[in-house]
Every structure is written in structure tokens, then in C-alpha cells.
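[1] Structure here, sequence nowhere to be found:
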């Protein structure tokens, strides 16, 4: 086999210009694909983290029907304490869960005593919320970031609303909300900070403590609108979804606030977090949703995966056409040579392996060089720090990275395609009649 490779290498060197052009084409294809996979993967991971780490968490649990009516923030679809306790017990059993946060969501009127506007408010437990969405403190663009991000009687105001209403840190404002029974209640708050908006649902929400929210709504029980969940490893999203859905299935809490969560309809993987399909875990009382089911930007993540697939298909096509073209020309130009080695007793399988070895060397050489250049380029991009803006988020730093598995898959794909492209010309060469080949002009 070593002799075959030596001969194949010598033959490729005989046609140096053609070999160089083909290898260059394969190298450029490898570089383009690996760079695209690294940059696109980094962008997708960063985009997903803007939702999971800043707003949504990786998973959320709601009472059935709440998400369908989420624009109106229906108070009659809050989870009762019995259901909340049941969910918390299920979460504590899952080692993959890093943190969770209970929230009360309110639609209210925001007044600075001069003007009035509408606002969406999240009532949160500050410590649990920061553990679940760790980017929240970093979104505070003005105000005290030390200690608890929020205390009783304080509010974090979304940046766009603060600008429009000319509200500053330290100002006193009033929130007016309608309770479940239709009565109206108001409560004054001190502006603790101005929170930067993020792209997507809940990106322009304000924050108050959950006890303040319940007081504002005059809740008699510790109700919850949703429970946001953060995972230790986002790659376990699908697995935790299924486990949590199974754990909550068949639960019958008071007031229909517990129920069955069906198995997720997952349509793909979105990098550091899975991308779920349509619908949620539906049941008699509770629904389990992934971040992708709650964010319209999940379609962008799926589009990135689709573009990556198309780029890989293009690479396969380039390698297939270029290697097959080289090998067909090699066979055509060396017909008499093939006839000579066949006439002196070289078996067909030896001729077949010779041409396959040439295709293999083309694929391996181009792949090795392309991989080395691509990894060097990825390293350089991480040194130079590419920054870009995404929605309301400014100055995001792109950190391209690619896993060993992706590199190996692309490299193996190119080498295998190069071998397959060599197969037909090699088979034709091995089946030539020596007499006919020697008489070829």
C-alpha cells in the first residue's frame, strides 16, 4: 500500500499545475465552510444567550392557555400556590436545573405625575432572577448595581420608557394596575435603575419585587404567572424538557393549576440551546415551553442551521466535480500508460487502488491545508475581536469557535467525497483492455 501511495504522489507531481489548482479549490472550500460554521455558530449562540440569559431562561412553565393570551397578561391564568409547589418539587429533583425564578407579570399604567403611559412589569425575586437570567444586572445602564438589583418599593424602568417619560434614577413614580376582580389599585415606587432593552418579547419590561407585585394586585394567595428555568448545560434542553414534562404529567392541582405536559415536538438543535418545534407540553393545567417556543427569533437560529447545511452541500459539490474532473483527465491522458502496466501483469485491483490513492491524496492534502488555514483564521478573529449590534444590544463581541466534532465531520466528508469522485474513473482505468489501450492515439 505504501508503494501505491508513493506512485500516486509521483503521478500527482507529474501534473503539478492541475494538482495545485484542484487542491487549492478544495482548500478554499474547507476554509470557507469552517469559517462560516465558526462565525455562524458564534452568532447563533450569542443571539440565543440574549434571550435565555437576559429575559426568558432556557425553559418556562405556565398555566395552560397563558402563553396563548400572554399579550393581555391574564391574571385569571396565574398558577396557584399548590401548582407552584408541585413544580418546585419537580425542579429540585432534576440535577440539570441550575436555578429557577417565579414571576408575576402585570400590565399597568406608569405615571411620573405629569404624564402616563402603559408598561409591562415583572414581579421577581431578585436573587432567584439574577441566578436564572444572569445578564439582568449587566442590562442596568444607570443606577446602583451593587448588592440586590432591586429592593422593596423600587423599580427598574425600561430605557425607552425612561427616555420618553424623562424619568431618572431616584425619581418617584406610580404604578396603577387593575386587579382580577376589576378594581384599581396604585402604588408608588422609587426608580432604582434604568434597564437596557433587549430584542424580543419582554425586552421592554420593567421590574419590581414579587411581593410588591402581589400587593399591587391585592393577591390573597402567592400566585405566580410563570416559572423561568436555567439549565447547567443548555445542550440538555431537550432531555430536561422531556423529563420535566413527564414529571408534571398527571398532576391535578387545585383550580386546574397542574396537569399533563406532553413530549416536546423538537425540530432541531440551536447550538448551546435546542430549538423546539411548534406548540408546548399541553395538559390539563400546565404547559412547559422552551425558549424557542416563546421567541420569534428561534426561526433565525433554524435559518442559520439551514444555511450551514447548504454551505456543506456546496462544498461536497465542489469537491465532487473538481476531483472527478481531475481523475477523468488523468485516465484519459494516461490510457497508453495504463495499457502498458496492464500488459506487464499489473492486476486490475492494483490499477484501481492507484487511481483511488490519487483521489485520496488530493482530498487529504486539500483538507489538511484548508483546516490549518481555517483554524488560524478563527484564532486571528478571536484576537481582533469583531463587534456588532444586534437589535437593541450594542457592541456585542463575536468570538468564533468550532468544535473538534465539526472539524472532523467536514474533513471526513471531503475525503470520502474525493474517494467517491475517483471511483468511476479508477474503475474505468482498471477495466481497460491492454491491447486497445496500447493502440490508443
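    Alright, I've got the coordinates. Every value quoted in this text rests on a predicted model; they were computed, and no experiment measured them.

[2] shaky segments in the stretch 1-150 of the chain?
    Across the stretch 1-150 of the chain, nothing is flagged by pLDDT under 70.

[3] Could you pull out the strands in it for me?
    Assigned by DSSP state E, counting those that start in this stretch, the strands in the stretch 1-150 of the chain fall at 59-63, 97-111, 116-124, 140-143.

[4] highest average neighbour count across the ones you listed?
    Each of the strands of the stretch 1-150 of the chain was scored by mean neighbour count; the highest is strand 59-63, a mean of 26, by mean count of other Cβ atoms under 10 Å. Every residue, glycine included, has its C-beta placed from N, CA and C.

[5] Give me the sheet partners of it and which way each runs.
    strand 226-231 (antiparallel), strand 286-290 (antiparallel) (DSSP bridges).

[6] Just put the strands of the stretch 1-150 of the chain in a markdown table and tack on distance to residue 330.
    Converted to a markdown table, these look like this (distance: least, Cβ to Cβ, whole Å):
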| stretch | distance to residue 330 |
| --- | --- |
| strand 59-63 | 56 |
| strand 97-111 | 58 |
| strand 116-124 | 68 |
| strand 140-143 | 64 |
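
[7] Quick one: closest of these to residue 386.
    strand 140-143 (23.0 Å; Cβ to Cβ).

[8] now that closest one, how far from the chain's geometric center?
    Centroid separation for strand 140-143 versus its chain: 28 Å, with Cα atoms, centre = their mean, to the nearest Å.

[9] need the next SSE after that strand, C-terminal direction.
    Next along the chain after strand 140-143, taking DSSP states H and E as the criterion, comes strand 154-158.

[10] thinking again about what came up before, I'd like the strands paired with strand 59-63 as JSON lines, with mean pLDDT appended.
    Shown next, in JSON lines, are those (pLDDT from 0 to 100):
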{"stretch": "strand 226-231", "mean pLDDT": "95"}
{"stretch": "strand 286-290", "mean pLDDT": "90"}
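
[11] so which of those is the most packed in?
    Stretch with highest mean neighbour count among the strands paired with strand 59-63: strand 286-290 (a mean of 27; mean count of other Cβ under 10 Å).

[12] thinking again about what came up before, tell me which of the strands of the stretch 1-150 of the chain lies nearest to residue 160.
    Here strand 116-124 is closest among these (Cβ to Cβ), at 10.2 Å.

[13] Name the residues that touch stretch 104-117?
    Under the criterion Cβ atoms under 8 Å, 6 or more residues apart in numbering, residues 72-73, 78, 118-123, 157, 161, 164-167, 171-177, 205-206, 210, 213-214, 216-217, 219, 223-226 lie in contact with stretch 104-117.

[14] Which ones among those residues lie within helices?
    Within the contacts of stretch 104-117, residues falling in helices by DSSP state H are 161, 164, 165, 210, 213, 214, 216.

[15] Sort out which one of these lies nearest residue 381 for me.
    Out of these, the member with the shortest distance to residue 381 (by Cβ to Cβ) is residue 161, at 37.2 Å.

[16] Could you check how far that closest one is from residue 212?
    18 Å (Cβ to Cβ, to the nearest Å).

[17] try residue 412
    58 Å.

[18] Export the strands paired with strand 59-63 as TSV, with columns for distance to residue 385.
    Converted to TSV, the strands paired with strand 59-63 look like this (distance: least, Cβ to Cβ, whole Å):
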stretch	distance to residue 385
strand 226-231	27
strand 286-290	31
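
[19] Of all those, which one is nearest residue 373?
    So among the strands paired with strand 59-63, strand 226-231 is nearest, using Cβ to Cβ, at 35.7 Å.

[20] how many degrees apart are the closest one and strand 97-111 in direction?
    Angle, strand 226-231 to strand 97-111, by axes from the mean of the first three to the mean of the last three Cα atoms, to 10 degrees: 140 degrees.

[21] hmm, who's touching strand 226-231?
    52, 56-62, 66, 79, 84, 87-88, 91, 96-103, 105, 129, 131-134, 237, 240, 244.

[22] Show me what residue 142 is bridged to.
    Beta-bridge partners, per DSSP bridges, of residue 142: residue 194.

[23] does it really touch residue 171, like I thought?
    No: the pair residue 142 and residue 171 does not pass the contact test of Cβ atoms under 8 Å, sitting 11.5 Å apart.

[24] With neighbour numbers in mind, choose between residue 412 and residue 212.
    Neighbours around residue 412 and residue 212, counted as other Cβ atoms under 10 Å, are more numerous at residue 212. The numbers are 23 against 12.

[25] correct me, but that one touches residue 153?
    Yes: in this structure residue 212 lies within contact range of residue 153 using Cβ under 8 Å: 6.7 Å.

[26] Out of the strands of the stretch 1-150 of the chain, which gets nearest to residue 288?
    Across the strands of the stretch 1-150 of the chain, closest to residue 288 is strand 59-63 (Cβ to Cβ), at 5.5 Å.
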